[in-house]
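Asks: Got a predicted structure plus its sequence, pasted below:
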Amino acid sequence: MTSLPTIAILGAGSMGGAILSGLLQPSVRTDGIRVTNRTQHKADALRSDRVISLALDADPEANAIAVDGAKIVIVGVKPAMVADLLRELAPALAADAIVVSVAAGVTIATMEAIVPNVVVRAMPNTPAVVGKGVTGVSGGSRATDADVQLVRDLFETVGDVLVIPEAKIDALSTISGSGPAYVFYLIEQLTRTARGLGFTDDEARVMVNGTFLGSADLLVSSGETPRELRRRVTSPKGTTERAVAELEKAHLSDLFDRATAAALARAKELAAG
Ligand SMILES: NC(=O)C1=CN([C@@H]2O[C@H](COP(=O)(O)OP(=O)(O)OC[C@H]3O[C@@H](n4cnc5c(N)ncnc54)[C@H](O)[C@@H]3O)[C@@H](O)[C@H]2O)C=CC1
Ligand SMILES: O=C(O)[C@@H]1CCC=N1
């Protein structure tokens, strides 16, 4: 049983909502959960007997109400909005509240310059919705080991956590933060190819989704390296060998280097504001 203090999630969209789903598991006890959104419609969908859910369009003070007495304040809005939101909220934050930002790019120094609180950066990913997320966590200059541990406990409700220096968090984001998009993109492409080979949507889904899920399970349960597992599929002089040769000709590994470099450059732009 994980026991957590009162938590406010400001901006419970894709990511904030995923974190909320972890907090709502029966194995997690909290002293209270408050969430905010821009619109009443979204706020209504998240409200329950365990969740106080407030909308800015119904109450412009929604964020200030949500953080009142909260020990952990998760900032889940878009990066460009983080500084303004923190400026607005600084007077309402409890002195012992830990501000946890999941925003891409926005640095701890930027946030520490706005609020006097402990600040922690976290970079989760969307498989958190099914409890299989990966989250990078970096403590700011005011964070104690106990503060970082508390944030770690929180994100462990939705998967694995890596505590890393802030200097590496944008890089982590290019792998695990954005990573689900790369995987889904590959799934989309292989599905399109299957359709082109004459399979129905349903058949393509069974083949492609089943192959990704089965391969991921095999990787985890066998404890083998992906290279070895790939070798076992690739019969010498067989069909896979020819297919992989085509992928190598397209320099797939260089493509990933370029894609992650582009994501890293964008994180620096977001940091600059
Ligand atoms: N989507 C992802 O996979 C990941 C996103 N992030 C970060 O999470 C943050 C949010 O991204 P998403 O969840 O994808 O966006 P989103 O658009 O799904 O969610 C943003 C939410 O903020 C709400 N909002 C807007 N202004 C607000 C305000 N002033 N006060 C309270 N709520 C407000 C919106 O109603 C919306 O529900 C970003 O900073 C992003 O960098 C981090 C890791 C992964
Ligand atoms: O695309 C983004 O900016 C966010 C950060 C990592 C995943 N989604």
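Replies: Received the coordinates, thanks. Ligands and ions are numbered 1, 2, ... in the order given.

Asks: switch to C-alpha atoms for all contacts and neighbour counts from now on
Replies: OK.

Asks: residues from the stretch 51-200 of the chain in reach of ligand 1?
Replies: Along the stretch 51-200 of the chain, the residues adjacent to ligand 1 under the rule Cα under 6 Å from any ligand atom are Gly76, Val77, Lys78, Pro79, Val102, Ala103, Ala104, Met123, Pro124, Asn125, Thr126, Gly177.

Asks: The same query, at a cut-off of 5 Å, please.
Replies: In this structure, the stretch 51-200 of the chain approaches ligand 1 at residues Gly76, Val77, Lys78, Pro79, Val102, Ala103, Ala104, Pro124, Asn125, Thr126, judged by Cα under 5 Å from any ligand atom.

Asks: which of these count as buried?
Replies: Gly76, Val77, Pro79, Val102, Ala103, Ala104, Pro124, Asn125, Thr126 (16 or more other Cα atoms under 10 Å).

Asks: export these to a markdown table and tack on pLDDT?
Replies: A markdown table is the format used below for those (pLDDT from 0 to 100):
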| residue | pLDDT |
| --- | --- |
| Gly76 | 97 |
| Val77 | 97 |
| Pro79 | 96 |
| Val102 | 98 |
| Ala103 | 97 |
| Ala104 | 96 |
| Pro124 | 98 |
| Asn125 | 96 |
| Thr126 | 95 |
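
Asks: The residues of the stretch 51-200 of the chain next to ligand 1: which ones sit near ligand 2?
Replies: Ala104.

Asks: my read: Arg50 touches Ile33, true?
Replies: Yes: counting by Cα atoms under 8 Å, Arg50 sits close enough to Ile33 to count as a contact (6.6 Å).

Asks: From the neighbour counts alone, determine which of the two ranks first.
Replies: Applying other Cα atoms under 10 Å to Arg50 and Ile33 shows that Ile33 carries more neighbours, namely 22 against 14.

Asks: contacting residues around the more buried one?
Replies: Listed by Cα atoms under 8 Å, 6 or more residues apart in numbering, the contact set of Ile33 reads Thr6, Ile7, Ala8, Ile9, Arg50, Val51, Ile52.

Asks: Please repeat the previous calculation with a cut-off of 7 Å.
Replies: Ile33 is in contact with Thr6, Ile7, Ala8, Arg50, Val51, Ile52, counting by Cα atoms under 7 Å, 6 or more residues apart in numbering.

Asks: helix, strand or coil for the last one?
Replies: The reference is to Ile52. The three-state label given to Ile52 by DSSP: H, G, I helix; E, B strand; the rest coil is strand.

Asks: Isn't it up against Asn37?
Replies: No: using Cα atoms under 7 Å, Ile52 is not in contact with Asn37; the gap is 11.4 Å.

Asks: Between these two, tell me which one has more neighbours.
Replies: A direct count of neighbours by other Cα under 10 Å for Ile52 and Asn37 places Asn37 higher, at 25 against 17.

Asks: so that one touches Leu56, yeah?
Replies: Yes: contact between Asn37 and Leu56 holds when scored by Cα under 7 Å: they sit 6.3 Å apart.

Asks: Run a quick neighbour tally on Arg152.
Replies: The number of residues near Arg152, taken as other Cα under 10 Å, comes to 20.

Asks: I'd like to know how far it sits from Ala94.
Replies: If you measure Arg152 against Ala94 using Cα to Cα, to the nearest Å, the figure is 21 Å.

Asks: List the ones among the buried ones among the residues of the stretch 51-200 of the chain next to ligand 1 that fall in strands.
Replies: Of these, none are assigned to strands by DSSP state E.

Asks: out of these, which one sits closest to ligand 2?
Replies: For those, the minimum distance to ligand 2 (Cα to the nearest ligand atom) is 4.9 Å, reached by Ala104.

Asks: In contact with that closest one, which residues are there?
Replies: If a contact means Cα under 7 Å, 6+ apart, then Ala104 has Pro79, Ala267 as its contacts.

Asks: The residue located most distally from the centre of the chain is in what secondary structure piece?
Replies: Among the C-alpha atoms of the chain, the one farthest from their average position, using Cα atoms, centre = their mean, is that of Lys237, at 41.0 Å. Element membership of Lys237, judged by DSSP states H and E, is empty: it is in no helix or strand.

Asks: now do the one 10 residues further on
Replies: Secondary-structure element containing Leu247, defined by DSSP H and E: helix 239-249.
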